[in-house]
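Q: next input, structure requested:
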Amino acid sequence: MLGFGLGVWLALGCAEAVAAGESRLAAGAAHSLVIRPDGTVWAVGSNTSGQLGDGSLAQRFAPVQVTELSDVVSVAAGSSHSLALRSDGTVWAWGFNNYGQLGDGTTTRRVAPVQVTGLSGVVAVAAGSSHSLALRSDGTVWAWGFNNFGQLGDGTTTERAAPVQVTGLSGVVTVAAGNAHSLAVSLDGTVWAWGWNNAGQLGDGTTTEHAAPVQVAGLTDVTVLAAGDAHSLAVSSDGTVWAWGSNSAGQLGDGTTTARTTPVQVSGLSGGAAVAAGSSHSLVLSSDGTAWAWGQNTSGQLGEGTTTASWTPVQVTGLSDGVSLAAGEAYSLALRADGAVWAWGANFSGQRGDGSEPTSAAPVQVAGLSGGGTVAAGSAHALALLPDGTVWAWGQNTVGQLGDGTTLQRFAPVQVPGLSEGVKVAAGASHSLAVRLDGTVWTWGQNTAGQLGDGTTLQRSAPVQVTGLSGVVAVAVAAGNAHSLALGSDGTVWAWGSNSAGQLGDGTTSTRLAPVQVTGLSGVVAVATGYFHSMALRADGTVWSWGDNSFCQLGDGTRTQRRTPVQVTGLSGGVAVAAGYFHSLVVRSDETVWAWGTNSSGQLGNGTTNASFSPVQVTGLSGVVAVAGGEYHSLAVRSDGTVRAWGSNTYGQLGDGTLITRRVPVGVTGLSAGVTTVAAGNSYTLAVHSGGTLHAWGHNTYGQLGHGGPPVYATIPVRSLLH
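A: From the prediction side, this is the model:
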């Protein structure tokens with residue numbers, strides 16, 4: 001049994017697609033790889049060429065650890081070789097190397113990882129049968145290994161034992177590698193292909209090999225790619241799925257077995273979110289979590305209970321909450337929303353990792369872990385509190401705001417050490433807070449203004465306890481740009497850090513390195529912080545605010561800075577509060593939402609861009625139970641579990657599939673129900689589903705979406721690695 005842990009995500013191996021969130025698990029011809037939460041890699045299955053990386057050539061029916069690898073964020077599997085991307089942007093390889101596919105400058109087989117020569121700043125990897133690809137953060141693509149059909153894209157058919165740059169490509173966001181062909185998506189959504197083309201798998205209308213990229217005909221707005229043995233798949237932003245190339249087993253899903261040299265639409269599918277391609281079968285994950293398969297089925301790799309091939313999509317049995325998919329030569333893998341991994345199809349080398357019969361025509365569980373809980377979003381880092389009380393973090397880490405003892409940026413969640421029994425988390429611009437079950441508060445990250453509350457201005461890359469809260473049992477925390485709040489179980493509020501605008505509420509503008517009590521507040525049940533202002537909700541439903549008021553964010557009818565709390569005018573019956581950078585939100589007991597402050601991007605949701613000194617009702621919203629405020633955007637969770645968003649949308653932070661600013665609420669694409677919690681960062685958004693799945697969308701330069709893929713923004717929700 002594979003011991004998959006927290007944060008497992010799927011990638012495709014010899015039929016490889018590398019995009020956001022598809023690189024934590026890889027399926028090769030007959031071996032599988034998985035990244036565990038601690039950044040180690042484990043492998044199972046065939047090992048004839050050392051592709052398991054455990055220092056031996058012994059076949060394994062249970063997982064073994066790949067030697068001397070840590071901090072791995074992405075894996076890929078070729079026919080008989082393996083790749084790993086570390087968090088420092090270096091690439092490591094092991095296994096078969098007759099064609100130089102390990103990229104270490106030799107053709108020597110390796111039974112343990114070696115570093116790929118001359119590569120840095122890599123954000124994604126892909127593996128074909130005997131060649132390898134790497135996508136760098138500058139949008140260039142690099143390739144090495146077998147090149148008899150031009151699959152390296154350097155204009156030659158010369159094998160390369162070290163990386164060479166693919167000719168004429170820049171601004172690439174996604175790559176995929178098939179048996180002997182390669183694919184890439186550019187920022188504009190166009191698809192480019194090179195290499196073997198005997199069956200039209202390059203999609204340019206010919207069967208001519210190309211040693212340099214050519215554009216796939218008629219495809220735009222593509223978001224996801226996959227490449228099989230001799231066929232290719234793509235998902236457009238509208239959720240349609242397209243296929244081209246070999247079709248001998250119906251793997252194109254168009255109801256025929258006719259090869260196609262240009263893309264055709266897969267029959268009867270909509271809402272596609274991810275694709276995977278095996279040797280001669282195809283998989284798609286729909287936005288509703290169901291999985292569909294078509295093509296060859298001799299080993300049950302379609303997962304619908306038979307071994308009968310299908311020329312059109314059939315539903316995979318028993319999977320209704322899928323997160324992602326992977327396809328090997330004749331087997332398939334799926335990750336479910338509860339964190340469990342399921343496998344079906346061939347198992348002749350133990351590649352499924354479930355220790356069961358040689359073939360299975362329906363999914364069998366490999367392992368599982370459920371998670372989920374509450375989330376918090378900082379400027380460019382994110383936190384999650386799981387039901388077991390552990391805290392996880394990802395994204396920007398320049399000042400230690402992830403709390404893992406380093407300043408390494410993380411594109412996938414890492415556990416904050418030394419914290420257990422957590423009950424609440426909060427994220428400021430560059431610092432983090434957690435409340436433990438015993439009511440103590442712990443902080444880490446930037447501390448230039450004393451926002452960590454430990455009596456110093458020392459930066460901390462691991463949690464330290466807030467001093468001066470003796471006798472206060474904290475039940476909640478909030479974090480602004482450089483100040484922090486704690487809510488005591490007795491209804492008092494405490495504050496520390498920057499106080500330039502009076503945001504600590506103690507009547508002064510003095511910076512505080514340890515907590516001071518906010519003046520004149522009692523009976524408080526919730527707190528929130530903006531960039532330079534603070535809010536409190538009292539048990540009587542009144543809302544109070546203090547600090548900067550340059551943008552009317554205090555809601556008292558003025559622009560006057562307040563050093564002590566003032567009541568928000570004209571508002572009663574409050575049940576929840578939230579704050580954006582310079583605007584504020586409240587949910588009232590009638591489940592309507594009201595907002596005030598700056599409105600330059602429509603973040604007040606009333607159909608205008610006019611700032612408001614006092615609360616105005618958000619248009620067209622009812623049944624709301626929770627709200628969140630980002631830099632210039634806002635969100636609401638309704639009682640039916642759907643999410644609405646409005647305001648700035650420069651990086652897709654509204655999740656409606658566009659980059660269009662919205663002055664009134666719009667629905668978030670693909671989140672039809674079941675959301676319980678939302679959090680908003682600088683220009684990105686997080687949402688937790690009741691089943692524990694974490695979705696993210698928007699800005700991702702620092703990996704704040706937590707899906708482990710390239711730092712590319714997402715305009716619709718993608719599933720984070722945390723489950």
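
Q: hey, where'd the strands end up in the stretch 451-600 of the chain?
A: Read by DSSP state E, counting those that start in this stretch, the stretch 451-600 of the chain holds these strands, from start to end of the chain: 460-465, 474-479, 483-488, 493-497, 512-517, 524-529, 533-538, 543-547, 562-567, 574-579, 583-588, 593-597.

Q: same question, the stretch 151-300 of the chain
A: Along the stretch 151-300 of the chain, the stretches classed as strands by DSSP E, counting those that start in this stretch are 160-165, 172-177, 181-186, 191-195, 210-215, 222-227, 231-236, 241-245, 260-265, 272-277, 281-286, 291-295.

Q: over to the stretch 601-723 of the chain?
A: With strands called from DSSP E, counting those that start in this stretch, the stretch 601-723 of the chain shows them at 612-617, 624-629, 633-638, 643-647, 662-667, 675-680, 684-689, 694-698, 714-719.

Q: looking at those strands, spot the one closest to Val125.
A: strand 714-719 (18.5 Å; Cβ to Cβ). In short, each C-beta sits where N, CA and C put it, glycine included.

Q: that closest one to strand 643-647, inter-axis angle?
A: Angular relation of strand 714-719 and strand 643-647 on a 0 to 180 degree scale: 150 degrees, by axes from the mean of the first three to the mean of the last three Cα atoms, to 10 degrees.

Q: pairing partners for strand 714-719, with directions?
A: Paired neighbours of strand 714-719 in the sheet (DSSP bridges): strand 694-698 (antiparallel).

Q: who's in contact with the strand it pairs with?
A: Contacting residues not belonging to strand 694-698 are listed as 372, 375, 382, 384, 651-655, 668, 671, 681, 683-689, 704-707, 713-720, 722-723 [Cβ atoms under 8 Å, 6 or more residues apart in numbering].

Q: out of those, which are buried?
A: 372, 375, 382, 384, 651-655, 668, 671, 681, 683-689, 704-707, 713-720, 722-723 (16 or more other Cβ atoms under 10 Å).

Q: rewinding a little: weakest of the strands of the stretch 151-300 of the chain by average pLDDT?
A: Note on those: lowest mean pLDDT is at strand 272-277, with a mean of 85.

Q: what angle sits between it and strand 714-719?
A: 70 degrees.

Q: show me what strand 272-277 pairs with in its sheet, parallel or antiparallel.
A: strand 281-286 (antiparallel).

Q: other residues contacting the partner strand?
A: 226, 228, 231, 233, 235, 241, 243, 249, 251-253, 266, 269-277, 291-297, 301-302, 313, 316, 322-325, 327, 330, 332, 334.

Q: beta partners for the residue lying closest to Ala26 once chain neighbours are set aside?
A: Distance criterion Cβ to Cβ, 6 or more residues apart in numbering; nearest residue to Ala26, sequence neighbours excluded, is Ala77 at 3.9 Å. Beta-bridge partners recorded for Ala77 (DSSP bridges): Ser82.

Q: now Ala77: how far from Gly50?
A: Ala77 sits 13 Å away from Gly50 when distances are taken as Cβ to Cβ, to the nearest Å.

Q: those two - which one has more neighbours?
A: Counting neighbours by other Cβ atoms under 10 Å for Ala77 and for Gly50 shows that Ala77 has the greater number, 32 against 22.

Q: now the strands of the stretch 151-300 of the chain as JSON lines including mean neighbour count?
A: Supplementary listing: those in JSON lines, determined by neighbours: other Cβ atoms under 10 Å:
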{"stretch": "strand 160-165", "mean neighbour count": "19"}
{"stretch": "strand 172-177", "mean neighbour count": "28"}
{"stretch": "strand 181-186", "mean neighbour count": "28"}
{"stretch": "strand 191-195", "mean neighbour count": "28"}
{"stretch": "strand 210-215", "mean neighbour count": "19"}
{"stretch": "strand 222-227", "mean neighbour count": "28"}
{"stretch": "strand 231-236", "mean neighbour count": "29"}
{"stretch": "strand 241-245", "mean neighbour count": "29"}
{"stretch": "strand 260-265", "mean neighbour count": "19"}
{"stretch": "strand 272-277", "mean neighbour count": "29"}
{"stretch": "strand 281-286", "mean neighbour count": "29"}
{"stretch": "strand 291-295", "mean neighbour count": "29"}
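
Q: mind listing the helices in the chain by residue range?
A: Under the criterion DSSP state H, the chain carries no helices.
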